[in-house]
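**Q** what follows is a protein structure lacking sequence information:
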């Protein structure tokens with residue numbers, strides 16, 4: 001049998017680009033035998049790596065997804081419920097994502113963008129999900145607005161999904177990109193690569 005050598009740096013790089021939790025679990029099972037998965041805690045948001053981790057850290061029971069689906073609840077609504085739970089766990093013990101009328105507080109949320117095929121190939125470490133629409137055409141989503149008058153104001157992301165730092169918001173978006181996809185996208189499918 002041929003022996004394959006792989007460095008710790010290569011394993012970490014593979015984990016960084018793995019898009020699904022299943023692929024990450026396979027990599028961990030193969031190459032991280034000595035490492036123990038950290039116990040989910042509200043003291044360190046990086047220990048929250050899945051919806052189940054968020055529930056464990058918050059000491060709450062996961063939703064009964066099967067019952068919700070059989071009751072006709074859309075996949076996007078179920079994803080939103082999970083994202084709200086994860087967001088609460090990422091905030092940690094000082095959970096306070098409340099709007100600040102004085103405007104003195106800053107909050108952050110994951111930001112998603114459209115990428116061209118060229119940009120995807122040229123951007124190292126990009127976390128993305130290629131999608132197709134209901135007619136099996138390559139699809140993207142986006143919104144542009146030119147309402148910059150002083151009278152125009154809007155809030156497009158609920159405070160329950162805010163984070164108190166850019167770092168956490170980025171982690172929230174990248175670590176849970178599959179749930180964000182289910183929440184934000186409607187009538188599109190992931191491209192099977």
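**A** It's in. All values derive from a computational prediction rather than experimental measurement.
**Q** what is the neighbour count of residue 120?
**A** 11 (other C-beta atoms under 10 Å). Where you see a C-beta, it was placed from the backbone N, CA and C, and this is true even at glycine.
**Q** quickly find the element holding it.
**A** helix 117-122 (DSSP states H and E).
**Q** for residue 171, phi and psi?
**A** Backbone torsions of residue 171, given as degrees, to the nearest 10, read phi -60, psi -50.
**Q** now do residue 163
**A** Phi and psi for residue 163, reported as degrees, to the nearest 10, are phi -130, psi 160.
**Q** for it, give me the pLDDT.
**A** Note for residue 163: predicted pLDDT of 88.
**Q** for the nearest residue to residue 92 once chain neighbours are set aside, the count of nearby residues, please.
**A** Excluding its sequence neighbours, the residue lying closest to residue 92 (C-beta to C-beta, 6 or more residues apart in numbering) is residue 42, at 4.4 Å. When neighbours are counted by other C-beta under 10 Å, residue 42 registers 19.
**Q** can you check the one 10 residues further on too?
**A** Using other C-beta under 10 Å, residue 52 is surrounded by 14 other residues.
**Q** now do the SS call for it.
**A** helix (DSSP: H, G, I helix; E, B strand; the rest coil).
**Q** ok, now how distant is it from residue 100?
**A** Noted for residue 52: a distance of 32 Å to residue 100, by C-beta to C-beta, to the nearest Å.
**Q** got phi/psi on residue 44?
**A** phi -140, psi 100.
**Q** mind checking how far it is from residue 54?
**A** 13 Å.
**Q** more neighbours, those two?
**A** residue 54 (26 against 12).
**Q** could you report the neighbour count for the closest residue to the more buried one other than its chain neighbours?
**A** Once flanking residues are discounted, residue 54 sits nearest to residue 89: 3.7 Å by C-beta to C-beta, 6+ apart. For residue 89, the neighbour count with other C-beta under 10 Å is 23.
**Q** contacts only, for residue 89.
**A** Residue 89 is in contact with 40, 42, 45, 48, 53-55, 57-58, counting by C-beta atoms under 8 Å, 6 or more residues apart in numbering.
**Q** farthest pair in the residues you listed?
**A** 45 and 55 (14.7 Å; C-beta to C-beta).
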